[in-house]
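Student: sequence and computational prediction follow.
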Amino acid sequence: MTHLEQELQTLKNDTLEMMKLVQSQLQKARKSLNEFDKDMIIDVKHVEKRIDAFELKLSMDCENALALFSPVAVDLRFILSVLKMVTSIERLGDYAKSMVTLVGKFQHPVAEELFKQTEILKMFEKCELMLDVVETAFETENSSLARKTFLLDEEIDAINNKSEEIVADWIKQHPDDILNALTFLEIIKRLERFGDQLKNMTHEIIFHIEAKVLKHHKKQMKIEKDALRGEKL
């Protein structure tokens, strides 16, 4: 194994470890909300520092690899992809911490009916599944698997899109619960952004493996999604 190959493997291993930390943060955010556990923030803040440290280390390691080895082709694309992905992973950690912080603002546990109507727990499940898919696709360099996140992100967006009206109706019927309801809506918005960042990471995996740029190319993205829908039929 060459020095460059060793460096690329280290970058991959560290990126996967960073993803696993975010995975645990998302699970803690769901548990904090579901169990009305305001004390979860202490542990989440501790892990957040580790995620931030990983971002700094990986960014520096990518820059060093570019300067020392002058990689080309697939190796260059891999390093550039990791450089962008670690920024997205750090933001995922921020969103997870923000969700737990918002739980701390609740005046009382969220009504079970609001959980059901908004399908927020389904959003958590979709985000966790997306993260699993991205992690596996990155580790195995499987761009076809990575594409599975596109439809999952659409499902997350669909839940988010109907949430404002649901929460607005809830507030009309329960005016004394306005603070809880609005804070709950903020958590839903964080989950939608969580999905967006995972979709960005999918774009980077595809760029690394196929040298194909999908981000900002709406026509190509539609083709990709239509193909995925066809596979599901």
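Tutor: All right, it came through fine. As the structure is a computational prediction, the values presented were derived from the model and not from experiment.

Student: what's stretch 144-161 in contact with?
Tutor: Contact with stretch 144-161 is made by 118-120, 122-123, 126-127, 129-130, 133-134, 136-138, 188-189, 191-192, 195-196, 198-199, 202, 205-206, 221, 224-225, 228-229, 232, as judged by Cβ atoms under 8 Å, 6 or more residues apart in numbering. Using the backbone N, CA and C atoms, a C-beta is placed for each residue, glycine as well.

Student: if we use 6 Å, what do you get?
Tutor: With contact meaning Cβ atoms under 6 Å, 6 or more residues apart in numbering, stretch 144-161 is reached by 119, 123, 126, 130, 133, 137, 188, 192, 195, 198-199, 202, 205, 225, 228.

Student: ok, now stretch 50-64?
Tutor: 14, 18, 21, 79, 82-83, 86, 90, 93.

Student: change it to 7 Å
Tutor: 11, 14-15, 18, 21-22, 79, 82-83, 86, 90, 93 (Cβ atoms under 7 Å, 6 or more residues apart in numbering).

Student: helices and strands of the chain: which one has the lowest mean pLDDT?
Tutor: Of all helical and strand segments in the chain, the minimum by mean pLDDT, DSSP states H and E falls on helix 218-232, at a mean of 69.

Student: who's in contact with Glu210?
Tutor: Counted by Cβ under 7 Å, 6+ apart, Glu210 has contacts Ser143.

Student: where do the helices sit along this protein?
Tutor: 3-34, 40-69, 73-103, 112-118, 120-140, 143-146, 149-173, 178-210, 218-232 (DSSP state H).

Student: which of these has the lowest average pLDDT?
Tutor: Here the lowest mean pLDDT among the helices of the chain goes to helix 218-232, at a mean of 69.

Student: circling back: farthest pair within the contacts of stretch 144-161?
Tutor: Spatial extent of the contacts of stretch 144-161 (Cβ to Cβ) is set by the pair Glu119 and Ile205 at 27.7 Å.

Student: burial measure for Val213, as a count.
Tutor: Using other Cβ atoms under 10 Å, Val213 has 11 neighbouring residues.

Student: how many neighbours does the nearest residue to it once chain neighbours are set aside have?
Tutor: Nearest residue to Val213, sequence neighbours excluded (Cβ to Cβ, 6 or more residues apart in numbering): Phe207, at 5.9 Å. Counted with other Cβ under 10 Å, the neighbours of Phe207 add up to 19.

Student: what does Leu11 give?
Tutor: 20.

Student: which residues touch it?
Tutor: Applying Cβ under 7 Å, 6+ apart, the residues contacting Leu11 are 58, 61-62, 79, 82.

Student: next: Met130.
Tutor: By Cβ under 7 Å, 6+ apart, the contact set of Met130 is 149, 152-153, 195, 198.

Student: for Leu198, see how far away it is.
Tutor: Using Cβ to Cβ, to the nearest Å, one obtains 5 Å as the distance from Met130 to Leu198.

Student: for Lys122, which non-adjacent residue is closest in space?
Tutor: Ile159 (6.4 Å).

Student: where's that neighbour relative to Glu125, distance?
Tutor: 11 Å.

Student: those two: who's more crowded?
Tutor: Taking neighbours as other Cβ under 10 Å, Ile159 and Glu125 compare with Ile159 leading, 19 against 15.

Student: one step back: closest one to Pro175 out of the contacts of Leu11, please.
Tutor: Nearest to Pro175 among the contacts of Leu11, with distances taken as Cβ to Cβ, is Leu58, at 47.8 Å.

Student: next, count neighbours for that closest one.
Tutor: For Leu58, the tally of surrounding residues (other Cβ under 10 Å) stands at 23.
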